[in-house]
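Asks: Below: sequence and its predicted model.
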Amino acid sequence: MRKSLIAGNWKMHATHLEAIQMVQKLSYRLEDTDYGRVDVVVCPPFTSLRSVQTVIESDHLPIHLGAQDTHWESSGAFTGAIAPPMLAKLSVTHVIVGHSERRQLFGETDAEVNKKAKAVVAAEMTPIVCVGETLEQREAGQAEATVRSQVAAGLKGLSGEQVAAIVIAYEPIWAIGTGETADPDTASAVISVIRDEVASGWGGDAAESVRILYGGSVNPGNIAAFMAKKDIDGALVGGASLDPDKFASVIRYWM
Ligand code: 13P
């Protein structure tokens, strides 16, 4: 049984003061039973991690703290970069790795995604490894081949046991921030392909256990249709996670 996971990726939004308010408001809208059904993760920018950690710890909130990126080295002369042990020390439990915005706007490669995923696991956190095709790749019939190769390259060198415990997010690039979502059947079909790729590289147990999320214009109105698919274990939510009312409604998708 895979527990659902819904993560909010705040991207480059919110000062630390705004972030404190966002996580507090979110917590007011969620009940203990919600956390029993869904693992809730918020991924604020680096500058808000310490403040959000403090709120979570002082109010004993069962909300997990995530980061949006990391370097793969644990220290060194890498101006501007943040190392996995620094995140772990802030009680960060999840780290988004290889988001399409990092890949497209910052030139991140599969090889770097792989180094980051391994570094996050080594620091005892959970990577949320993002994969997804562009519109051109989809139109050329390359969607499945693209995600297969991103999974194979991104998770290379991890053991079956490690892969079983990570999270993969399928985010078709054409659906991110566009208001256009993948049809739940289409998303579910690609996610089955991802699970099959995990099975062939890391074994059936890893494929059964790994949680695979959908991301791309998820909102309170469409989340239930994604969650109804047996292969979709949750969502990585951008825009709708910035509004605590909307994000709480996404998390309580069954209501
Ligand atoms: P939107 O929900 O704003 O489309 O963003 C999706 C995303 O990129 C989450 O990581």
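Replies: Yep, it's here.
Asks: Tell me the residues of this protein that contact the ligand?
Replies: When proximity is defined as Cβ under 6 Å from any ligand atom, the chain approaches the ligand at 9, 99, 171, 176-177, 215-218, 236-240. Bear in mind the C-beta positions are built from the backbone N, C-alpha and C, glycine included.
Asks: which SS class is the residue nearest the centre of the chain?
Replies: The chain has I128 as the residue nearest its centroid, 4.3 Å off, counting by Cα atoms, centre = their mean. Assigned with DSSP: H, G, I helix; E, B strand; the rest coil, I128 falls in the strand class.
Asks: Mind picking the lowest-pLDDT entry from the residues of the chain next to the ligand?
Replies: Among the residues of the chain next to the ligand, G177 carries the lowest pLDDT, at 85.
Asks: pretty sure that one contacts L242?
Replies: No: G177 is not in contact with L242 according to Cβ atoms under 8 Å; the separation is 11.6 Å.
Asks: In terms of neighbours, single out the busier of these two.
Replies: Counted by other Cβ atoms under 10 Å, G177 and L242 do not tie: L242 has more neighbours, with 17 against 12.
Asks: Name the helix or strand for D205, please.
Replies: Assigned by DSSP states H and E, D205 belongs to helix 204-209.
Asks: what's the answer for T93, then?
Replies: strand 92-97.
Asks: After that strand, which helix or strand is next?
Replies: Note on strand 92-97: by DSSP H and E, the next helix or strand toward the C-terminus is helix 100-105.
Asks: Check the offset of that following helix from the chain's centre.
Replies: How far helix 100-105 lies from its chain's middle: 14 Å, per Cα atoms, centre = their mean, to the nearest Å.
Asks: okay, how far is it across stretch 68-75, tip to tip?
Replies: One end of stretch 68-75 sits 18 Å from the other (Cα to Cα, to the nearest Å).
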